[in-house]
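Enquirer: I need the structure of the sequence given here:
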Amino acid sequence: EIAALRRDAENMFGQHLFSTDALASYGTSGKFDPSKDRTVLKLQQWKNQGLGNWDTRKQFAARMSDLRADLSRNLNRPGLVQGDAVTKYGEGSTEISYTRFGPGAYLKRHVDEHHEELKGTAGWSQPTRRSLSWLIYLNDKDWNADRDGGCLRCFERNSPPTAPVGARSNGDLQIGWLKGVLNDPYDRPVFLDGARPGDFHCAMYIDVATPGKKEYITKDFNANPILYNSGSEWLF
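Expert: Residues are numbered from 1 along each chain as shown. Reported below is the predicted structural model:
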């Protein structure tokens, strides 16, 4: 299955169906080089049944649909298999794309956008969000990390989290970490409560010693997507 997906990706790259996104780093000159940059077969092309080997992609989409159902059960996230979650992105109903990096290209350390709509003017108007990311490498069988590169580097926490991470069953999404300090050395997951009463509907909180008990670390405020776009994974 991996080999078939790789052939499909290679064929469509050869047909110039990939587009350059100019997000990769590949040197210190600062000059854009499309031959080295990251190129992507975007979702609209990926789910186009008239392009490439649709049967191969459809088979893979069915696998991702099964994975979505498993995650919904095991993470207690029923919303993963309801409404737009199972129809918005077509077969497999997830953001799927082929990505190719040129020689020496890589993405710097980053946090995925939780809401795709933040890239445009729609703000948080859609009931969809990114909360789980996945990657499948379509490498050759003789791929060697020392020789070929292409590894994914993950930055683990220095200590186990003090509370469950990711998202809450009530829809609250983890948006960052409260960095440990001398008298509290643990990195604590920070969640956004977007349903506060009154005129200001948002506030950030952490869990304290009592399971499920919230400790709010900000005053209530109005939602503004620029707060996320301009931030990082750390909250000070």
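Enquirer: Now do the strands in this protein.
Expert: For the chain, the strands defined by DSSP state E cover 19-20, 38-41, 98-101, 173-178, 188-193, 203-207, 214-216, 234-235.
Enquirer: Just give me the neighbour total for the residue nearest to residue 133 when sequence neighbours are not counted.
Expert: The shortest distance from residue 133 to any non-neighbouring residue, by Cβ to Cβ, 6 or more residues apart in numbering, is to residue 112 (5.4 Å). Backbone N, C-alpha and C define where each C-beta goes, glycine included. Applying other Cβ atoms under 10 Å, we find 9 residues neighbouring residue 112.
Enquirer: picking up where we left off before, so which of the strands of the chain gets nearest residue 88?
Expert: strand 173-178 (17.7 Å; Cβ to Cβ).
Enquirer: Who are the packing partners of that closest one?
Expert: strand 188-193, strand 234-235 (3 or more Cβ pairs under 8 Å, 6 or more residues apart in numbering; DSSP states H and E).
Enquirer: Could you give the average pLDDT over the last one?
Expert: So the one you mean is strand 234-235. Per-region confidence: strand 234-235 scores 42 on mean pLDDT.
Enquirer: and residue 162, how many neighbours does it have?
Expert: 17.
Enquirer: can you pull the contacts of it?
Expert: Listed by Cβ atoms under 8 Å, 6 or more residues apart in numbering, the contact partners of residue 162 are 186, 187, 188, 189, 206, 207.
Enquirer: picking up where we left off before, before we move on, what's the pLDDT of the residue nearest to residue 133?
Expert: Confidence score, pLDDT, at residue 112: 70.
Enquirer: Then residue 136?
Expert: Confidence score, pLDDT, at residue 136: 90.
Enquirer: That one against residue 6, yeah?
Expert: No - using Cβ atoms under 8 Å, residue 136 is not in contact with residue 6, being 10.2 Å away.
Enquirer: And those two? Which one has more around it.
Expert: Taking neighbours as other Cβ under 10 Å, residue 136 and residue 6 compare with residue 6 leading, 16 against 12.
Enquirer: since we're on the nearest residue to the more buried one once chain neighbours are set aside, how many residues are nearby?
Expert: Excluding the flanking residues, the one nearest residue 6 by Cβ to Cβ, 6+ apart is residue 138, at 4.1 Å. Neighbours of residue 138 under the rule other Cβ under 10 Å: 17.
Enquirer: quick one: residue 138 and residue 4 touch, right?
Expert: No - assessed by Cβ under 8 Å, residue 138 is found out of contact with residue 4, at 9.7 Å.
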